[in-house]
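Engineer: Model the following, please.
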Amino acid sequence: MERKFMGLSWSLGVLGLVMILVAKSESVDAITCQEAITTLLPCQPFLTDAAPAPIAPCCVAVANVNAAATTTSVRRELCHCFEKAAPAFGVKPEKAKQLPQLCGVTVSVPLDPSIDCDK
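Structural biologist: Residues are numbered from 1 along each chain as shown. Coordinates of the predicted model:
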């Protein structure tokens, strides 16, 4: 029941919580934190260990967010965004690290909680 509520919250209003906690609704050049989180909603079951593998819409979302992160400043802002949002939603760090490879997307910065977003 709790996972269903979390999933529903994620789909409907969890982004509001992310925005309150993290996203400052300011533009990060090509894509905002809120837009990136919304785009990545299909990845939520995999990232929280509710699904064994990412679904195709998740991989499309990963590719789209990666394509929108065209500058160092955008990637840095998204890194900070994801760094803050992930724990709030129960994202498993090992799942986040696996996601680009499983989706066949090459990202310039690994999705790893130990990464320093400012470097």
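
Engineer: name the element Phe82 belongs to?
Structural biologist: Phe82 belongs to helix 72-88 when assigned by DSSP states H and E.

Engineer: Run the chain-centre distance for that helix.
Structural biologist: 8 Å (Cα atoms, centre = their mean, to the nearest Å).

Engineer: name the helices or strands packed onto the following helix or strand past that helix?
Structural biologist: Next along the chain after helix 72-88, taking DSSP H and E as the criterion, comes helix 93-103. In terms of contacts (3 or more Cβ pairs under 8 Å, 6 or more residues apart in numbering; DSSP states H and E), helix 93-103 is packed against helix 44-47, helix 56-68, helix 72-88. To be clear about C-beta, it is placed using only N, CA and C from the backbone, and glycine gets the same treatment.

Engineer: Quick check: which of those is nearest to Pro100?
Structural biologist: Nearest to Pro100 among those is helix 56-68 (6.4 Å), distances taken as Cβ to Cβ.

Engineer: Comparing the helices and strands packed on helix 93-103, which yields the minimum mean pLDDT?
Structural biologist: When the helices and strands packed on helix 93-103 are ranked by mean pLDDT, helix 72-88 comes last with a mean of 92.

Engineer: returning to that earlier point: name the residues of the helix holding Phe82 that are buried.
Structural biologist: Neighbour-count burial for helix 72-88, counted by 16 or more other Cβ atoms under 10 Å, picks out Val74, Arg75, Arg76, Glu77, Leu78, Cys79, His80, Cys81, Phe82, Glu83, Ala85, Ala86.
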